[in-house]
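# 3D, please:
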Amino acid sequence: MGGNNAPIMVNGGNVYDSPLGYDAPINYDTGQVNLASLGVEWSLKKARQEVIRRLGFVVEPVKVQRTFTQLRQTVSTALGFTYVGTPAPRTMAALRLDLLRRLGFSAQATADAWAPGVKELLTNFLSEAQVALQHQYRLSVGTPLGPFQDDADVTTLDPWAVFLLALANGKAHHGQQDAKAYYDQLGGYITTVAKSADVDQIINTAQDSLLQRYAMDRYGDGKAPLVDGDDKTLIDGVAVEMQAIADAKAKYGQKDAEVYYSRLQEMAQRRPFDLDAMVDSFIRDAQDQLYQQYKELRTERWWTIQCVPGANLYDVPLDLDQYLDFRRITWAGIQDDVQWTPLIEGIDPVLYTSDSLSKPAYYRITGCIEIFPAPDRAYLIKIRGHLGLKWLTGDNDLLTVNSRAVFLHALANAKAHYKQPDAGNYMQQAQAYVRQLIAGSHGTRRYIPGTRQIPAARRPIPVGGWPGDN
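Take a look at the predicted model:
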């Protein structure tokens, strides 16, 4: 459809794209009067902001995107522990050497002089520790354990947990008194690791929950679920943070969980999630209703299409900034120099038996503009009709119907949706305002009682006159 300033021939030579411009019967300079700057015509963004402001919500929220690492730190801090990140695996040789030093054999470790059987013993401690962590301490259950016997083999599970358990077992084997301290240290560490794993799950569950319950605005570079530390939240990071902290505190029985749930509710009360999209829908519905219900609120324009000799089908431009609503044409005709001739709507198929070229007399609107007969020269098709209703998709799109009428109706519906008690007041105000607009549109056609002078009554005279008047 449309998109060129000159006719473009398509479909075998008889279908032409119509020009973008339209003619107005009154000459005015639109460059001198910017209706949008004067506030006469509002954009979708301005109408949305005014409705949100009257609703008492935050117009422009401060949205913050969080990374997975940031959420891990804040949730862990709120729970009272330090998050354990994913540690780098360590080799058997490195762990065995550290284990030899901690058991009190630093000299042998420095000289790399192993007593007979010590190397094999420490290897067994480390290998058994990794297996015991998974089966006895339930660490990373379900993760396949890789080989861990040779010097170059690396740990599958957390290397610090593996080292602590092997060290505790080694000290117990050699009868050292601090073996129990390392067992206790291992228990605390495993608890921290388990909580860290819970934090990851809680954060992703919180984001999924918010996505399901609230249609929140989404970031283009966000992810769900969050996997790597640099992954960013798909929705507002503060909301995910509040939800995750509240869920985590509730799981571990911390009494202030309700405080964080309350904060999340306060965020929703100050600005309900997906507010922009909801208000936009109210504005579109209000404009559509007013446009369809009141013809006085529509605007008439003149459009001109240049005829091409021999062509009787012309494209209907629908992608213009201001386009004609072809369901509401009020007049159609042909301009031949200074002479204007109306076109008759409807083309009887019987007329198609004639293929002569002449001045068009009929028109029909289907998928295109059809005129008959095909023009013998370059006439002008002149169409007067209502400005088409634009479906407001971008923030800068201007309203088609009176901006204040649309605003008041959208505001009343929005207040009713959010259960605000003054919704009825605004609906009455909106209806009264529309009535005034309709009354004002009558112009000089308005009838005002008492303003017309009634001539004095005259005595009727019968045919032939009254008897006695002669």
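
# which residues of the protein score low on pLDDT?
1-40, 109, 111, 215, 316-324, 367, 440-455, 468-470 (pLDDT under 70).

# can you map out the strands along it?
9-10, 15-16, 300-306, 313-315, 324-336, 339-342, 344-345, 362-365, 368-372, 380-387 (DSSP state E).

# and the longest one, which strands flank it?
When you say that, I think you mean strand 324-336. On the basis of DSSP bridges, the sheet neighbours of strand 324-336 come out as strand 339-342 (antiparallel), strand 380-387 (antiparallel).

# do the same with the third one
The strands beside strand 300-306 in its sheet (DSSP bridges) come out as strand 380-387 (antiparallel).

# buried set for the strand it pairs with?
Leu380, Ile381, Lys382, Ile383, Arg384, Gly385, His386, Leu387 (16 or more other CB atoms under 10 Å). The C-beta positions use only the backbone N, C-alpha and C, and glycine is treated the same way.

# I'd say Arg53 and Glu60 touch.
No. Counting by CB atoms under 8 Å, Arg53 does not reach Glu60; the two are 10.2 Å apart.

# quick one: which of those two has more around it?
Between Arg53 and Glu60, counted using other CB atoms under 10 Å, the more crowded position is Arg53 (12 against 8).

# now that one: how far from Ala47?
Noted for Arg53: a distance of 11 Å to Ala47, by CB to CB, to the nearest Å.

# and what of Ala113?
Counting by CB to CB, the gap from Ala113 to Ala47 is 84 Å.

# which one of these two has more residues nearby?
Higher neighbour count among Ala113 and Ala47: Ala47, with 25 against 10, using other CB under 10 Å.

# that one is in contact with Ala410, isn't it?
Yes. Counting by CB under 8 Å, Ala410 is a contact partner of Ala47 at 6.9 Å.

# the nearest residue to Lys390 once chain neighbours are set aside: what's it in contact with?
Computed as CB to CB, 6 or more residues apart in numbering, the closest residue to Lys390 that is not its neighbour in sequence is Thr400, at 5.2 Å. Neighbouring residues of Thr400 by CB atoms under 8 Å, 6 or more residues apart in numbering: Gln287, Tyr291, Thr299, Leu387, Gly388, Leu389, Lys390.

# re the thing from before, out of the strands of the chain, nearest to Ser354?
The minimum distance between Ser354 and those falls on strand 368-372, with 8.8 Å, by CB to CB.

# run through who's touching the closest one.
Taking CB under 8 Å, 6+ apart as the rule, strand 368-372 contacts 15, 18, 305, 307, 312-316, 326, 343, 347, 351-352, 360-364, 381.

# contacting residues for the nearest residue to Thr143 once chain neighbours are set aside?
Nearest residue to Thr143, sequence neighbours excluded (CB to CB, 6+ apart): Thr156, at 6.4 Å. Residues in contact with Thr156 (CB under 8 Å, 6+ apart) are Pro89, Gln130, Ser140, Thr143, Pro144, Leu145, Gly146, Phe148.

# repeat that for Trp114.
Leu100, Gln108.

# mind putting the contacts of Thr400 into CSV with distance to Gln201?
Shown next, in CSV, are those (distance: CB to CB, whole Å):
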residue, distance to Gln201
Gln287, 46
Tyr291, 51
Thr299, 57
Leu387, 55
Gly388, 52
Leu389, 49
Lys390, 47
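
# for stretch 428-444, buried residues please.
Buried residues in stretch 428-444 (16+ other CB under 10 Å): Ala430, Tyr433, Val434, Leu437.
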